[in-house]
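In: mind folding the following:
(2 chains)
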There are 2 protein chains.
Amino acid sequence: MAENNNKLIERIPEPTLRRLPWYLSNVKLLKERGARSVSSTQLSRETGIDASQIAKDLSYVKISGRTRVGYDVDTMIGVLEEFLWPREVHRAFLFGVGSLGAALLQDSGLKHYGLEIVGAFDVRRDIIGSNVNGIPVYDLSGLDRRMKGSNVTIGVLTVPIGVAQEVTDRMVECGIKGVWNFTPFRIRVPADIVVQNTSLYAHLAVMFNRLNI
Amino acid sequence: MAENNNKLIERIPEPTLRRLPWYLSNVKLLKERGARSVSSTQLSRETGIDASQIAKDLSYVKISGRTRVGYDVDTMIGVLEEFLWPREVHRAFLFGVGSLGAALLQDSGLKHYGLEIVGAFDVRRDIIGSNVNGIPVYDLSGLDRRMKGSNVTIGVLTVPIGVAQEVTDRMVECGIKGVWNFTPFRIRVPADIVVQNTSLYAHLAVMFNRLNI
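Out: Model (predicted):
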């Protein structure tokens, strides 16, 4: 059942997608404490999210509870893990081996969650040819050639904002289907390309603003 | 004027806060290309955001344009930079020196944007007493003592989900005012504590889902 979930599902709202990992992490903890089933009321108490919202979110991934019993913990963990982080690993190139880029190359947690960075690109002569955490740093000018046969579909964007659009355009020309954008720059892409914005520094700005008022 | 902005402003909607860095990065690029003023129509073309939304967003930080001239580029850069990343640096401790935690300790970009991580905490004997990128790793049991006089207000949470709530509770007891939560766990905090969720792996899940449909 879990294996086919992705195919059954059309487009899940992004807020739901962001809450699913919360349910998963909570249910995993409940399992560690010995629980075999969990009600949406209990999950609501644990996560602070409305019980009816939880039921609705879970219905998107075809998880349904039984009256008076609730959700089966093992089923829920299995379905959510498979749905959120499919066993297949997506291969990625990273663009811009600056401070944040190099840090991401060192986070082996990414691979655990399905993203394997198999190469990095930069334009700086002093780092091209080196490697970070075993990942080779290539010359950006060779991207086209290196994409061929690489099975890479995702580009992680950690370049300076001044070249964010230009590097994105290059990636897309060379066949990248999804861009994980860590820059605070709003990149533009063709309609069939997926962009996920994760600007750490924008998140920082939000937090500072909340702290100051 | 810029200096007092934070005090003039009540609570800015989070979507606005997330868009402000986009405007800033675009205006900086326009300045590099020689522009001295920019209209909201032009910004709209650059960012793909509706011009009236841009005008509304900018009005929150008291940036207003002049008819037929638009926004003054230098003023806009000055006000947005000061507002988003005030000159004062917030001091932080990081909790959990695993793969992601260690990666963040190596990202010196954080300091550039106002977050200085001055110490890290863990419970693993083999890393307590070491340092990562010059930042010392302490024993979590000494948190209370190390908080005193440290001027640390922010905790960066990169622990395993099983202890995310427990470590958050410890931080808050010891005086942390803001938690930057990188775990996929929905932590609960008292009403006066700020939480910023940045779950990289949840963002990955969103991107994978979009790529698969």
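In: and the lengthiest helix in chain A, anywhere near chain B?
Out: Counting by DSSP state H, the longest helix found in chain A is helix A:14-32. Yes - Helix A:14-32 lies within reach of chain B by Cβ under 8 Å from any Cβ of the partner chain, at A:14, A:17-18, A:20-22, A:24-26, A:28-29, A:32. All C-beta atoms are positioned from the backbone trio N, CA, C, and that covers glycine.
In: report all helices and strands that that helix contacts.
Out: helix A:40-47, helix A:51-60, helix A:73-84, helix B:200-212 (3 or more Cβ pairs under 8 Å, 6 or more residues apart in numbering or on different chains; DSSP states H and E).
In: which of those helices sits closest to A:Y113?
Out: helix B:200-212 (4.4 Å; Cβ to Cβ).
In: give me the contact list for that closest one.
Out: Residues from elsewhere that reach helix B:200-212, judged by Cβ atoms under 8 Å, 6 or more residues apart in numbering or on different chains: A:6, A:12, A:14, A:17-18, A:20-21, A:83-86, A:90, A:107, A:109-110, A:113-115, A:153-154, A:177-178, A:180, A:194, A:196, A:198, B:100, B:182, B:184.
In: can you tell me the element A:E166 falls in?
Out: Taking DSSP states H and E as the criterion, A:E166 maps to helix A:164-173.
In: average model confidence for that helix?
Out: On average, the pLDDT along helix A:164-173 is 97.
In: how about the secondary structure of the residue sitting furthest away from the middle of chain A?
Out: Residue farthest from the centre of chain A, counting by Cα atoms, centre = their mean, is A:R68 at 34.6 Å. With DSSP: H, G, I helix; E, B strand; the rest coil as the basis, A:R68 sits in coil.
In: just give me the longest strand of chain A.
Out: strand A:115-122 (DSSP state E).
In: and that strand with chain B, contact?
Out: Yes - counting by Cβ under 8 Å from any Cβ, chain B is contacted by strand A:115-122 at A:L115.
In: strand partners (parallel or antiparallel) of that strand?
Out: Applying DSSP bridges, strand A:115-122 is found paired with strand A:90-95 (parallel), strand A:135-139 (parallel).
In: now that strand: buried residues?
Out: A:115, A:117-122 (16 or more other Cβ atoms under 10 Å in any protein chain shown).
In: ok, now stretch A:105-113?
Out: A:105-110, A:113.
In: can you give me the end-to-end distance of it?
Out: 14 Å (Cα to Cα, to the nearest Å).
In: what separates that stretch from the chain centre, distance-wise?
Out: 11 Å (Cα atoms, centre = their mean, to the nearest Å).
In: quick one, what contacts A:V38?
Out: A:V38 is in contact with A:27, A:30, A:70-71, A:73, A:76, counting by Cβ under 8 Å, 6+ apart.
In: rounded mean pLDDT for the longest strand of chain A, please.
Out: The average pLDDT within strand A:115-122 is 97.
In: one more: stretch A:84-102?
Out: Per-residue scores along stretch A:84-102 average to 90.
In: quick check: end-to-end length of that stretch?
Out: End-to-end span of stretch A:84-102 (Cα to Cα): 26 Å.
In: which parts of it are buried?
Out: Buried residues in stretch A:84-102, counted by 16+ other Cβ under 10 Å: A:84-86, A:89-90, A:92-102.
In: and if you look at stretch A:165-185?
Out: Neighbour counts over stretch A:165-185 (16+ other Cβ under 10 Å) mark A:165, A:167-168, A:170-172, A:174, A:176-185 as buried.
In: which residues of chain A score low on pLDDT?
Out: For chain A, applying pLDDT under 70 flags the ranges A:1-10, A:213.
In: what comes into contact with the longest helix of chain A?
Out: With contacts defined as Cβ under 8 Å, 6+ apart, helix A:14-32 is touched by A:38, A:42-43, A:46-47, A:49, A:53-54, A:56-58, A:60-61, A:71, A:73-74, A:76-77, A:80-81, A:83-84, B:161-162, B:164, B:183-186, B:199, B:201-202, B:205-206, B:209.
In: so what are the sheet partners of the helix or strand that it is followed by and their directions?
Out: The first helix or strand that comes after helix A:14-32 along the chain, using DSSP H and E, is strand A:37-38. According to DSSP bridges, strand A:37-38 forms sheet pairs with strand A:71-72 (antiparallel).
In: check the offset of the partner strand from the chain's centre.
Out: Here the centre of strand A:71-72 is set off from its chain's centre by 26 Å, with Cα atoms, centre = their mean.
In: what's the answer for stretch A:104-124, then?
Out: Distance of stretch A:104-124 from its chain centroid, counting by Cα atoms, centre = their mean, is 12 Å.
In: gap between the closest residue to A:I12 other than its chain neighbours and A:I117?
Out: Setting aside the residues directly before and after it, A:I12 is nearest to A:Y60 in space (Cβ to Cβ, 6 or more residues apart in numbering or on different chains), at 4.9 Å. To A:I117, A:Y60 is 29 Å away according to Cβ to Cβ, to the nearest Å.
In: and what of A:G78?
Out: Going from A:G78 to A:I117 by Cβ to Cβ gives 27 Å.
In: for A:V137, list the residues it contacts.
Out: Neighbouring residues of A:V137 by Cβ under 8 Å, 6+ apart: A:97, A:119-122, A:127-131.
In: swap in 6 Å and give it another go.
Out: The contact partners of A:V137, by Cβ atoms under 6 Å, 6 or more residues apart in numbering or on different chains, come to A:97, A:120, A:122, A:127-128, A:130.
In: quick check on A:R33: phi, psi?
Out: Dihedral pair for A:R33: phi -80, psi 0, per degrees, to the nearest 10.
In: thanks a lot, see you next time.
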